[in-house]
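I would like the atomic coordinates for the input below:
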Amino acid sequence: MAKWAIELGEHDIEFRVRHAIKGQVLADFIAKTYTIDEEDAKNSTQVITSKVENEEWKLYTDGASSSDRSGAGLMLVNPEGKEFTYALRFEFATTNNEAEYEALLAGLRMAKELMILHLRAFVDSQLVVNQIMGTFEARQPTIQLYLTKAKELIESFKSFNIEHICEAKTRRQMH
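Numbers count the residues shown, from 1 in each chain. Presented below is the predicted three-dimensional model:
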């Protein structure tokens with residue numbers, strides 16, 4: 001999907017995500033057509049909830065900036081290994097570090113919206129990883145804002161780990 005987004009981006013075609021319409025239709029259908037007694041519903045909900053609460057998702061991010069455009073790629077991988085790949089093109093100028101933070105923030109927002117509880121992020125920017133972990137200090141005001149927002153989003157997860165991954169490995173993982 002990222003490859004198509006890059007190809008279509010050259011022609012000013014914009015991809016817009018459709019929000020939870022399909023999921024809501026399915027939920028409405030199931031609610032109208034499927035009935036179970038209250039005890040079965042309670043038991044199945046507990047099994048599903050405990051399973052989801054202990055599953056860790058993976059997030060791979062790659063932000064980039066050049067003189068003519070900036071963008072990011074990110075991939076969420078569910079516990080079963082299914083990959084959800086996204087490509088972002090920024091309509092504003094960024095530095096490489098800002099693009100890396102934008103990619104991370106986009107991934108964190110998606111994970112939060114999907115109600116993921118356990119997340120392990122793999123980021124190709126050693127600076128971003130060390131700033132998130134508190135090893136490095138963010139000095140530029142813009143980067144301080146990015147760091148603050150990232151930490152706010154990280155608080156919404158039960159567990160969060162972040163690791164530096166070399167750029168070549170990130171690109172292999174995302175393609």
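
only C-alpha atoms for contact and neighbour calcs from this point on.
Will do.

Toward the C-terminus from the lengthiest helix in the chain, list the very next helix or strand.
Looking across the chain with DSSP state H, the single longest helix is helix 96-113. Downstream of helix 96-113, the next assigned helix or strand under DSSP states H and E is strand 118-123.

what lines up beside that next one in the sheet?
strand 56-65 (parallel), strand 159-164 (parallel) (DSSP bridges).

most tightly surrounded among these?
Neighbour counts (mean count of other C-alpha atoms under 10 Å) averaged over each of the strands paired with strand 118-123 peak at strand 56-65, with a mean of 23.

What average pLDDT does it get?
Per-region confidence: strand 56-65 scores 88 on mean pLDDT.

do stretch 134-150 as well
The model assigns stretch 134-150 a mean pLDDT of 94.

now swap in stretch 101-108 and tell me
93.

For it, which outside residues touch it?
59, 61-63, 72-76, 88, 123, 128, 146-147, 149-150, 153-154 (C-alpha atoms under 8 Å, 6 or more residues apart in numbering).

quick one: the longest helix of the chain to strand 118-123, angle?
Angle between the axes of helix 96-113 and strand 118-123 is 160 degrees (criterion: axes from the mean of the first three to the mean of the last three C-alpha atoms, to 10 degrees).

Need the strands paired with strand 118-123 in CSV (columns: distance to residue 82).
Listed next are the strands paired with strand 118-123 as CSV, based on distance: least, C-alpha to C-alpha, whole Å:
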stretch, distance to residue 82
strand 56-65, 10
strand 159-164, 20
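
Ok, which of the ones you listed comes nearest residue 99?
For the strands paired with strand 118-123, the distance to residue 99 is smallest for strand 56-65, at 4.6 Å, taking C-alpha to C-alpha.
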